[in-house]
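# Provide a 3D model corresponding to the input given below.
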Amino acid sequence: MTILVTGARGGISRAVAGQLLEAGHEVRVGGRVPEGDVVELDLARPETFGAVQGIRAVFLYAELGGLKPFLDAAREAGVEQVVLLSARGADPAAADAIMRVHGEAEAAVRESGIPWTFLRPGGFATNRLWWAADVRAGRAVREPFPDSQSALIHEADLAAVARHALTEPGHANAAYALTGPESLTARRQAELIGEAIGRPVSVERQDLAEYRRELAHLPAELLETRIRRLAALTGKPDPTTATVEEVTGTPARGFAEWAADHAADFG
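From the prediction side, this is the model:
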């Protein structure tokens with residue numbers, strides 16, 4: 001049967017769908033805007049939940065409005081497994097808004113009665129694509145906490161773990177903490193992007209007020225949570241895990257490899 005991948009426009013979902021297709025699996029990709037091979041699926045709109053019919057397993061994102069209605073539809077449609085993209089530190093009682101949203105999503109999946117696997121990345125390397133326009137224009141990258149560290153995971157590694165969880169036995173009711181193999185500052189990540197494109201990429205400290213204006217589209221609580229997290233990791237290594245290799249048999253890719261894979265985006 002078919003595997004449903006939600007969040008069609010996200011880089012992680014595209015990587016998951018791509019790896020599943022390359023491995024010969026039938027895939028249905030759902031998104032808020034149906035186009036091409038994407039079927040309409042909005043986790044906040046039950047009238048679009050017909051996308052789950054005929055599905056064996058689902059790769060699922062957390063939804064701010066809650067996942068229970070979708071999960072009810074998935075259970076009724078006979079879905080046998082949910083692989084949820086969660087976050088490291090997910091906890092429905094957390095003061096951290098991001099961790100709370102993901103914790104609530106995990107709780108909803110557990111309560112659905114459908115076998116589950118939770119993927120808990122610490123941070124995505126693809127988030128550094130936010131720098132791409134400035135790098136292409138030859139401008140310095142602006143960061144409010146340039147010495148904040150992160151162990152960002154390559155989307156291909158996250159997709160590989162998801163593929164194994166969606167298609168192989170042995171992953172039911174498992175929660176996987178996922179990181180890249182190294183903790184690097186934002187400055188060092190910019191240097192590695194510069195090495196990948198053949199010219200230096202500099203970093204300037206951004207005023208927090210400017211940073212807040214740039215991200216004003218985010219809910220205020222989520223934005224302040226992000227700021228606190230970046231500040232807390234300044235000068236402090238972000239813990240890493242070996243889970244990618246344990247699940248897939250292949251070591252996680254480093255940030256330098258991610259930068260090389262995305263050189264065209266920055267060049």
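
# mind checking pLDDT for the residue nearest to Ile197 when sequence neighbours are not counted?
In space, and not counting its chain neighbours, Ile197 is closest to Gly267: 4.5 Å by C-beta to C-beta, 6 or more residues apart in numbering. Glycine gets a C-beta too; all of them are placed from N, C-alpha and C. The per-residue pLDDT reported for Gly267 equals 90.

# can you check Leu64 too?
pLDDT, Leu64: 84.

# list the buried residues in stretch 67-78.
Burial within stretch 67-78, assessed by neighbour count using 16 or more other C-beta atoms under 10 Å, is assigned to 67-71, 73-74, 77.

# keep only those of those that are in helices.
Counted as lying in helices by DSSP state H, out of the buried residues of stretch 67-78, are 68-71, 73-74.

# pretty sure Ala156 contacts Val16?
No - using C-beta atoms under 8 Å, Ala156 is not in contact with Val16; the gap is 9.9 Å.

# what's the closest of the buried residues of stretch 67-78 to Lys236?
Leu67 (32.6 Å; C-beta to C-beta).

# quick one, phi/psi of the closest one?
The phi/psi pair for Leu67 (degrees, to the nearest 10) reads phi -110, psi -10.

# next up, the contacts around it.
By C-beta atoms under 8 Å, 6 or more residues apart in numbering, the contact list for Leu67 reads 43, 60, 105, 108-109.

# now it: how far from Thr6?
10 Å (C-beta to C-beta, to the nearest Å).

# want to throw the contacts of Leu67 into CSV with distance to Arg188?
Converted to CSV, the contacts of Leu67 look like this (distance: C-beta to C-beta, whole Å):
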residue, distance to Arg188
Leu43, 36
Leu60, 33
Ala105, 32
Ala108, 38
Val109, 36
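
# closest to Ala172 out of these?
Using C-beta to C-beta, those come closest to Ala172 at Val109, 12.0 Å.

# where do the strands sit along the stretch 1-150 of the chain?
Ranges of strands within the stretch 1-150 of the chain are 2-5, 27-31, 38-40, 55-61, 81-85, 116-121, 141-143, 149-150, based on DSSP state E, counting those that start in this stretch.

# mean neighbour count added to the ones you listed, as JSON lines?
Formatted as JSON lines, these follow (neighbours: other C-beta atoms under 10 Å):
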{"stretch": "strand 2-5", "mean neighbour count": "24"}
{"stretch": "strand 27-31", "mean neighbour count": "22"}
{"stretch": "strand 38-40", "mean neighbour count": "17"}
{"stretch": "strand 55-61", "mean neighbour count": "23"}
{"stretch": "strand 81-85", "mean neighbour count": "25"}
{"stretch": "strand 116-121", "mean neighbour count": "24"}
{"stretch": "strand 141-143", "mean neighbour count": "20"}
{"stretch": "strand 149-150", "mean neighbour count": "23"}
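
# any stretches of the stretch 101-250 of the chain with poor pLDDT?
Scanning the stretch 101-250 of the chain for pLDDT under 70 picks out no residues.

# and with 90 instead?
Within the stretch 101-250 of the chain, the stretches with pLDDT under 90 are 217-222, 225-226, 229, 235.

# ok so, going back, anything in contact with each of Leu67 and Thr6?
43, 60.

# that older thread, so Ala156 and Val16 - more neighbours on which side?
The neighbour comparison of Ala156 against Val16 (other C-beta atoms under 10 Å) goes to Val16, with 30 against 20.

# is Ile12 in contact with Phe124, as I believe?
Yes - between Ile12 and Phe124 a contact is recorded at 6.9 Å, counting by C-beta under 8 Å.
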